[in-house]
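J.: Provided below are the primary sequence and the corresponding predicted coordinates.
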Amino acid sequence: MKKRILISIDHKWRDLPGHVLLGEYLRKLGSEVTYCRNGLEKFFLENSCFDLVIVNHIFENARRELILNYKNKDVKFIIFPTEGIPTLEDLTDFGLGVNLDYSNIELYVFWNSYYKARFIENKTLTDSKIYVSGVPRFDFYKEPFKSEITSTSDPYTSRIKTVLWATNFTQAQFHDARKFALMDADAQRLGYKKELIEMKGDLRTVAELDFQARERSVEIVSQYLEKHDEVTIVLKPHPSEDLLFYKSYFKDRDFLSDRLILVEADYIWKLLSKCDVEISRSCTTAVEAWHLGKPTIDLNPVPQWNHSSKHANGSIKCHDYATFESAMSECLSSNYEVPQKLLSKRMHFIERYCEGLSCDRTKLLAQFITQKIQHRNQSNYACKKNIFSLIIYVLLKHLDHLPHNLKVYGARYFIGNRYDKFGRLDKYFHYRDVRRWQDKFRKNLN
């Protein structure tokens with residue numbers, strides 16, 4: 001009988017395509033695949049039977065309790081991480097979830113053998129429950145998917161030189177005292193409050209450092225644009241950032257409007273494929289740019305926070321306007337080639353933290369999952385008899401997540417609002433988004 005798999009998806013703009021690709025491979029190998037939004041797994045499990053659930057982490061107490069509730073019901077869970085490569089030394093064990101309860105985890109998918117060894121050393125999981133996949137979403141930078149996902153027309157490259165600035169100031173908005181409670185609650189819910197306090201003394205320091213980094217970075221880029229009208233900068237904030245800050249900041253500087261384009265919602269590989277240079281701060285986006293052979297600049301004016309030398313080493317490092325302007329001039333020159341020294345550091349990073357270059361990580365993962373579960377008994381647990389849960393489930397399925405949309409966006413959802421309380425735009429997928437990616441991938445699966 002077909003195995004029934006539930007795939008939980010977090011950020012639409014980061015995770016959806018990779019998860020749909022995994023789901024399509026699993027479907028082709030004989031499984032039935034259902035998708036749900038991150039955090040809504042319980043409504044699906046309570047009202048329909050699944051054999052396997054794929055989630056991105058189990059940091060929250062609520063999710064760990066959910067997993068334990070199904071320990072004796074033949075439902076297994078796989079952890080398939082989608083966050084950036086956890087190379088911030090002080091947060092590595094937290095990012096990997098080293099000390100959590102994995103007793104009902106069928107498989108933990110790691111991006112590299114380096115972190116697998118950390119888990120085995122800590123006796124967190126045995127070797128048989130760990131699979132090293134590389135970075136599945138990097139499949140999109142190789143054929144057959146590369147041409148498919150980058151083939152759309154591009155409205156961002158209107159000038160001779162285009163620079164992509166991929167920001168990741170996800171904690172900066174909590175510098176605002178009115179929002180700090182949200183940071184505190186989120187840190188408590190996801191379990192990283194203790195680690196951040198040990199690193200910086202308190203959460204407010206983290207927010208302050210990220211705020212300073214954002215302020216200085218924006219000032220540096222704005223100053224550069226004022227002096228260099230031959231360049232277009234395409235600003236793509238991290239999916240977890242407060243977009244409203246950037247909209248407000250650059251609205252008040254409309255003299256930059258024809259030289260800075262704020263991309264509120266789009267997929268990063270489309271932007272990377274069209275740019276001449278990529279700017280970021282210790283971010284996986286730089287690693288993705290390396291796959292395309294792009295020059296990259298690591299702009300970090302406040303290195304006391306969110307600085308990973310491992311990430312930065314493959315880029316030209318900048319900390320102020322002078323070093324930034326010099327790096328931009330170098331990278332945008334017509335005869336620029338990435339130096340062999342940087343190429344060697346990039347390849348070292350990719351080999352150690354990404355298990356090398358490949359285009360079939362997702363396919364191999366789907367094959368491994370199918371092989372691991374194909375001989376297990378199909379789950380047949382009694383669904384929870386709860387009328388409230390059933391109503392929510394039906395509305396989620398048949399009205400494309402309407403209850404969750406109203407919870408996240410409020411009544412303004414009906415007039416087009418897609419901003420949540422963190423200033424994030426359109427974070428969660430809709431079923432039409434899933435179908436769009438299914439149509440793309442089905443042309444190329446082999």
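T.: Nice, thanks for sending it over. Computed from a predicted structure; not experimentally measured. Numbering: from 1, shown residues only.

J.: Look at N99 and report its pLDDT.
T.: For N99, the model assigns a pLDDT of 71.

J.: ok, now which ones touch it?
T.: Residues near N99 by CB atoms under 8 Å, 6 or more residues apart in numbering: 93, 122, 124. Placement of C-beta: from N, CA and C, glycine included.

J.: L66 too?
T.: Per CB under 8 Å, 6+ apart, neighbours of L66: 41-42, 45.

J.: Give me the neighbour count for P303.
T.: 16 (other CB atoms under 10 Å).

J.: Tell me how many other residues crowd the nearest residue to it once chain neighbours are set aside.
T.: Using CB to CB, 6 or more residues apart in numbering and skipping residues adjacent in sequence, the residue nearest P303 is H319, 6.9 Å away. Counted with other CB under 10 Å, the neighbours of H319 add up to 15.

J.: Unless I'm misreading it, H319 sits right up against H307, doesn't it?
T.: No - assessed by CB atoms under 8 Å, H319 is found out of contact with H307, at 10.0 Å.

J.: I would like a ChimeraX command selecting only the buried ones among the contacts of N99, please.
T.: Typed into ChimeraX, the line below selects the buried ones among these, using 16 or more other CB atoms under 10 Å:
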select :93,124
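
J.: ok, and for whichever strand or helix holds S273, which residues are buried?
T.: Per DSSP states H and E: S273 is located in helix 268-274. Residues of helix 268-274 classed as buried by neighbour count (16+ other CB under 10 Å): 268-273.

J.: now stretch 30-49
T.: Using 16+ other CB under 10 Å as the burial criterion, the residues of stretch 30-49 that qualify are 31, 33, 35-38, 40-47, 49.

J.: Show me how far the host helix or strand of A322 is from its chain's centre.
T.: A322 belongs to helix 321-332 when assigned by DSSP H and E. Remark: helix 321-332 is offset 28 Å from the chain centroid, using CA atoms, centre = their mean, to the nearest Å.

J.: Check stretch 169-183 too.
T.: Taking mean C-alpha positions (CA atoms, centre = their mean), stretch 169-183 and its chain are 20 Å apart.

J.: got it, and stretch 252-269?
T.: 21 Å.

J.: now do the same end-to-end measure for that stretch.
T.: Counting by CA to CA, to the nearest Å, you get 29 Å between the two ends of stretch 252-269.

J.: which residues touch P136?
T.: 18, 21-22, 361-362, 365.

J.: So which of these wins on neighbours?
T.: Within the contacts of P136, neighbour counts (other CB under 10 Å) peak at T362, which reaches 28 neighbours.

J.: now the helix or strand containing F77: mean pLDDT?
T.: Using DSSP H and E, the element containing F77 is strand 76-79. Average pLDDT, strand 76-79: 93.

J.: next one: stretch 401-414
T.: Averaging pLDDT along stretch 401-414 yields 93.

J.: Dump that stretch to PDB, restricted to CA.
T.: Taking Å, rounded to 0.1, in the frame of the first residue of the first chain, the C-alpha atoms of stretch 401-414 are listed here in PDB:
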ATOM      1  CA  HIS A 401      -5.800  28.000   5.000                       C
ATOM      2  CA  LEU A 402      -8.500  30.700   5.700                       C
ATOM      3  CA  PRO A 403      -8.500  30.300   9.500                       C
ATOM      4  CA  HIS A 404      -4.700  30.600   9.600                       C
ATOM      5  CA  ASN A 405      -4.700  33.600   7.200                       C
ATOM      6  CA  LEU A 406      -7.100  35.400   9.500                       C
ATOM      7  CA  LYS A 407      -5.000  34.500  12.600                       C
ATOM      8  CA  VAL A 408      -1.800  35.700  10.900                       C
ATOM      9  CA  TYR A 409      -3.000  38.700   8.900                       C
ATOM     10  CA  GLY A 410      -6.200  39.700  10.700                       C
ATOM     11  CA  ALA A 411      -9.400  40.900   9.000                       C
ATOM     12  CA  ARG A 412      -7.400  43.000   6.600                       C
ATOM     13  CA  TYR A 413      -6.500  39.800   4.800                       C
ATOM     14  CA  PHE A 414      -9.800  40.300   2.900                       C
END
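
J.: circling back to that earlier point, each with direction, which strands does the strand holding F77 pair with?
T.: Neighbouring strands of strand 76-79 in its sheet, by DSSP bridges, are strand 52-55 (parallel), strand 105-110 (parallel).

J.: where do the helices sit along the stretch 251-400 of the chain?
T.: 268-274, 284-291, 309-312, 321-332, 340-354, 361-373, 387-398 (DSSP state H, counting those that start in this stretch).

J.: Can you add distance to L209 and mean pLDDT and give those back as a markdown table?
T.: Shown next, in a markdown table, are these (distance: least, CB to CB, whole Å; pLDDT from 0 to 100):
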| stretch | distance to L209 | mean pLDDT |
| --- | --- | --- |
| helix 268-274 | 25 | 88 |
| helix 284-291 | 20 | 93 |
| helix 309-312 | 17 | 87 |
| helix 321-332 | 19 | 97 |
| helix 340-354 | 24 | 93 |
| helix 361-373 | 34 | 93 |
| helix 387-398 | 39 | 94 |
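
J.: Show me the domain layout of this structure.
T.: 4-140+358-410+427-442, 154-354 (automatic domain parsing).

J.: Look at the longest one and report the distance between its end residues.
T.: Start-to-end span of domain 4-140+358-410+427-442 (CA to CA) is 20 Å.

J.: give me the low-pLDDT residue ranges for the protein?
T.: 84-91, 95-96, 98, 148-160, 191-200, 381-382, 384, 446 (pLDDT under 70).

J.: Kindly provide the distance from the residue nearest to H175 when sequence neighbours are not counted to V302.
T.: Counting by CB to CB, 6+ apart, H175 lies nearest to F211, which is 3.6 Å off, once chain neighbours are set aside. F211 sits 9 Å away from V302, going by CB to CB, to the nearest Å.
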